[in-house]
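Q: I would like to see how this sequence folds:
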Amino acid sequence: VHGEAASNVGLAVDAGLKPAGPTPSQSRFQVDLVTEAAGAAAAAHDKSPNSDASTIPTNDKATPVADGADGAGGDEGKSRFRVVNFADPSEAGSPLDAGPAEGLQNGDTVMSETSLHSSTGGQHHYHYDTHTNTYYLRTFGHNTIDAVPNIDFYRQTAAPLGEKLIRPTLSELHDELDKEPFDDGFANGEELSPAEEAAAKEAAESKGVVKFGWIKGVLVRCMLNIWGVMLFIRMSWIVGQSGIVLSCLIVLMATVVTTITGLSTSAIATNGFVRGGGAYYLISRSLGPEFGGSIGLIFAFANAVAVAMYVVGFAETVVELLAVRECYGVDALMTDELNDIRIIGTITVILLLGISVAGMEWEAKAQIFLLFVLITAIINYFIGSFITVKSKESYGFFGYDSAIMMENMGPDFRDETFFSVFSIFFPAATGILAGANISGDLSDPQLAIPKGTLLAILVTGIVYLGVAISTGACIVRDATGSLNDTVSSMFMANCTDAACKMGYDFSICKDPKTRCKYGLQNDFQVMSIVSGFGPIITAGIFSATLSSALASLVSAPKVFQALCKDNIYPGLSMFAKGYGKNNEPLRGYILTFCIALAFILIAKLNIIAPIISNFFLASYALINFSVFHASIANSPGWRPSFKYYNMWVSLAGAILCCGVMFVINWMAALLTNAIVLGLYIYVSYKKPDVNWGSSTQALTYHQALTHTLHLSGVEDHIKNFRPQCLVMTGYPNSRPALLNLVHSFTKNVGLMICGHVRTGSRRPNFKELGADHSRFQRWLLRNETKAFYTPVFADDLRQGTQYLLQAAGLGRLRPNTLVFGYKNDWRDGDMMNVETYINMIHDAFDFQYGAVILRLKEGLDVSHIQGQDELLSSQEKTSAVKDVVVSIDMSKDSDGDSSKLSSKATNEDDDGKAPTQPLLGKDKKSPSMPLNVSDQRLLEASQQFQKKQGKGTVDVWWLFDDGGLTLLIPYLLINKKRWKDCKIRVFIGGKINRIDHDRRVMATLLSKFRIDFSDITVLGDINTKPKKESITAFEDMIEPYRLKEDDMEQEAAERLKNSEPWRITDNELELYRAKTNRQVRLNELLKEHSSTANLIVMSMPLARKGTVSSALYMGWLEVLSQDLPPILLVRGNHQSVLTFYS
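A: Predicted coordinates:
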């Protein structure tokens, strides 16, 4: 067993709460035989909840501690293994005797990943060396560390319900024994944000936390919130206006909306563990931070203002009672009605704040008391409705009577419509999320939220319907309140209305000028008259308003705290702090109190009330939409245990909620939608660094997969051709000019894949490749480069390029053009590298790819410059990424191969952050090694395509028809913002006596292609012999690479050609003399015509495979493109990419 990785490891106990997490360097555990006696002792020891002392680190081995237990079953003991820490030899410990560690039966090494440190605060995973954790060592009767399924492997870090254990990694089970284990990170989305980590840790450590069951936590809260003040002072009026039938319809419509939302809430709440934050948590984890962040803010605000609304409702009732006293000659009002509402409201909200701050337990006790009062009031009303009293008849109450019921069946709208009455009632049904809003304080949210919410909707709905039918059956619409308005028995025969048949004449109320004060239509307090004991109804009104206010006062800070913990709005993070054993958001309470107080002081909430209802409805709509969205996205992670939902019903619920918003108040609905949209755009723009596995991600994937498959079934068409480039960048930040130029013409147009061939003598580390893949993909995203990074391991650059040419892409999203940098250093190194480089071009054409080469005279590769290997800022490092910076140790401007790469670990600074430097900073100077002149020029040249190109030209030398790629790339380029000031100039070959004709033909072709150009130049002197000194310079350049077979024996010449296939034979040099001269001449013409161009795009010369040697072809490319502005050598695959047909 190898223990070299262990250092400073000990099982210390941190403040008696948890075993401390081992240091990051520790990654190995030793397997040691355990005697039966020690096993029995450990088993006994393990009965304590935090027993981690069953092994004690000793001088150089971990020794089981036997508590004197007698051994039993010795045979079994011989095959029992325990996982124990491999202690550092330098660690002090008690020198207990222990037998030597025996060899492993199956060659399995026991290791354990215990701590992943990140620059964002360090995540500690505590490893429990307990009996339960070693159970799997003997489950299958032999020594293996392969773990059996265990719930603790699936917990999030520091989860409140138990410890997270780390299952053995694939490396630990699969890698060779002498190989250093690689620190694996989490699966996607398994890690927590630092805020969630802290919250979960607090939850895990807290003692005596108050948690509620489904009755106290959800049912009571929802019933109190739904039974608002509407039940006592508006329900009877609604019946008077719309009649029994339409009143029941209004109640049922509202109940349908809330029931669908309740079902959707239940589905989301049972799809995994629910933390605090209620509606915000449910929506954000389902639809992502954009919707969650916008709804969370307005939902918390709506709850804060709802406190004011309910408190003002309470204060108005109190002031009304005081005003009644004044009628009896007692001066009960303090000042005037408006100021009294303010005074009483302020005192009330201070008292409510006191109850809330006292803690959830006190708040829950207050809620139970208020519910008791409320239920008593409801029972009191129903009892009273069966007791007919003569004195109450003049107020319109006659007891249950079929005549009254039939008369009140139909509507009698007075200055109202069905929808205006519905809009007044609907806020009474908006309390269904009261239980879900304190999801963090529920002992089992998955059980409590569905059970409590749906039962509350059912009970409250039945009571509302009961009150509607009851009031409609025993109270007439209008009454004078005067006992003198009776009719004699002789007139009763001619009666048409119910009151007349009962012996009362209330016909005076039909006169618009005379407003009667009593009856369903006129008296909001009619239920007090009907009830057995009137003051209990008043107590019920107080109870309904205060309980709703209290629920909202608790909900708002809890939701707001959850929102702030996620750090979606960075400025609000101060409100995330919680206090006490229950993590109470005291700062949130103060903020809610201030908002509520501000609106209480207005004392008129008729304007703000519909906006609050709309805010609640917007939340309901999104909860319903979340269920539909998650179902349609078909994500395997959407598995709610609550099965009684339907995606289409949820969609209908979302549409209903939106409809109700506009019915209640269309202006408020528009305002709500505008606010949600504004916040959504803000959060989308800010892009918070969270990954919650939302259904938006799932649907994006689903749509991408569907469209990709659909695209594969469609044949390509010339009109839809896009250059889809495989760019051999190596590490994406090592050749910025190549990356930026290709991105300029592929951005939002075509696919761009940054190919990287990793070669080397050492065995490939595929995990390192995977880590680099995710790291550089993030780098591309952070730099707003729309590209994919695809690294491969291969024996050499050519083999790796072949892999990429064959396998890169998916379906129709496959590259069709290979782009790479020019090999500036081809004469300095091994010529076999040139052979490889030229063969890459041949391979591209063999695979029917187009080929593009970019040459800058300064070069492309900046990776050797100090400071350019700082790949990632510390902010983007996560716990899943090791703090390793890869530097590319290779000669300048090699061929894109990172064959000689070395990994060097960079030490972290004192502040715990990895040192970062700006990428490609012009003024980047190292104190130890200042940049030389050539490197300074290289850095400046590498950034030239990042800047806006001024007025200039893109010169297109379209000498050979390759299908039009040579023309299409510059056209796409000048349509981009950076290049829009540049003009296209076209150069073509022609005969001296046909220059005008050739120019007209090309102009016609370009106009048919609808490509703008500023000038067409026909090169009549293209076949003129180049200058003598130019030819001499070319011959001197290729001289070292000639075979010179005429000067040696044929056999020796063949041997040399076989060993060095790149050599140029005398025969081929003579055969291609004219082609060589053309390349030399073209360079002269390029210098003459295009020396000031911003970019030259030129047809790449072709070389016949197997006939032209690599050195000669490289010589052609060199002489053609030397001493020029940036030049792109382009050769399409000779399939048309331009068409003039519509």
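Q: burial count for residue 238?
A: For residue 238, the tally of surrounding residues (other C-beta atoms under 10 Å) stands at 26. Backbone N, C-alpha and C define where each C-beta goes, glycine included.
Q: got it, and residue 409?
A: 13.
Q: that's a strand at it, yeah?
A: No - counting by DSSP: H, G, I helix; E, B strand; the rest coil, residue 409 is not found in a strand; it is coil.
Q: distance check, it against residue 810.
A: Distance, residue 409 to residue 810, by C-beta to C-beta, to the nearest Å: 66 Å.
Q: in stretch 829-844, which residues are buried?
A: By neighbour count with 16 or more other C-beta atoms under 10 Å, stretch 829-844 contains the buried residues 831, 833-844.
Q: which residues make contact with it from outside it?
A: Stretch 829-844 has contacts (C-beta atoms under 8 Å, 6 or more residues apart in numbering) with 796-798, 801-802, 805, 818, 820, 823, 826, 850-851, 853, 891, 894-895, 1041, 1060-1062, 1103, 1105, 1110-1111, 1113-1114.
Q: in PyMOL, how would I select the buried members of those?
A: In PyMOL, this line selects whichever of the contacts of stretch 829-844 come out buried by 16+ other C-beta under 10 Å:
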select buried, resi 796+797+798+801+802+805+818+820+823+826+850+851+853+894+895+1041+1060+1062+1103+1110+1111+1113+1114
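Q: just the contacts of stretch 829-844: which are in helices?
A: Using DSSP state H, the subset of the contacts of stretch 829-844 located in helices is 797-798, 801-802, 805, 1110-1111, 1113-1114.
Q: reformat the residues you listed as CSV; add pLDDT and distance to residue 249.
A: Shown next, in CSV, are the ones in helices among the contacts of stretch 829-844 (pLDDT from 0 to 100; distance: C-beta to C-beta, whole Å):
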residue, pLDDT, distance to residue 249
797, 89, 76
798, 90, 77
801, 92, 72
802, 91, 72
805, 91, 68
1110, 88, 86
1111, 89, 90
1113, 89, 85
1114, 90, 85
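Q: what's the closest of those residues to residue 436?
A: residue 805 (54.1 Å; C-beta to C-beta).
Q: for that closest one, what are its contacts?
A: So residue 805 contacts 726, 815, 818, 843-844, 847, 849 (C-beta under 8 Å, 6+ apart).
Q: among those residues, which lie within helices?
A: Per DSSP H, those map to helices at 843-844.
Q: which among the contacts of residue 805 gets closest to residue 771?
A: Set against residue 771, the nearest of those by C-beta to C-beta is residue 726 (22.4 Å).
Q: strands of the stretch 801-950 of the chain, start to end?
A: Using DSSP state E, counting those that start in this stretch, the strands of the stretch 801-950 of the chain run over 817-821, 850-855, 884-887, 902-905.
Q: what's the angle between the first one and strand 850-855?
A: What separates the directions of strand 817-821 and strand 850-855 is an angle of 20 degrees, with axes from the mean of the first three to the mean of the last three C-alpha atoms, to 10 degrees.
Q: now strand 817-821 - C-alpha only, CSV.
A: Extracted C-alpha coordinates of strand 817-821, given in CSV (Å, rounded to 0.1, in the frame of the first residue of the first chain):
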residue,chain,number,x,y,z
THR,A,817,-13.0,24.1,-43.5
LEU,A,818,-9.7,23.5,-41.8
VAL,A,819,-7.9,26.7,-40.6
PHE,A,820,-4.4,26.8,-39.1
GLY,A,821,-1.5,29.2,-38.7
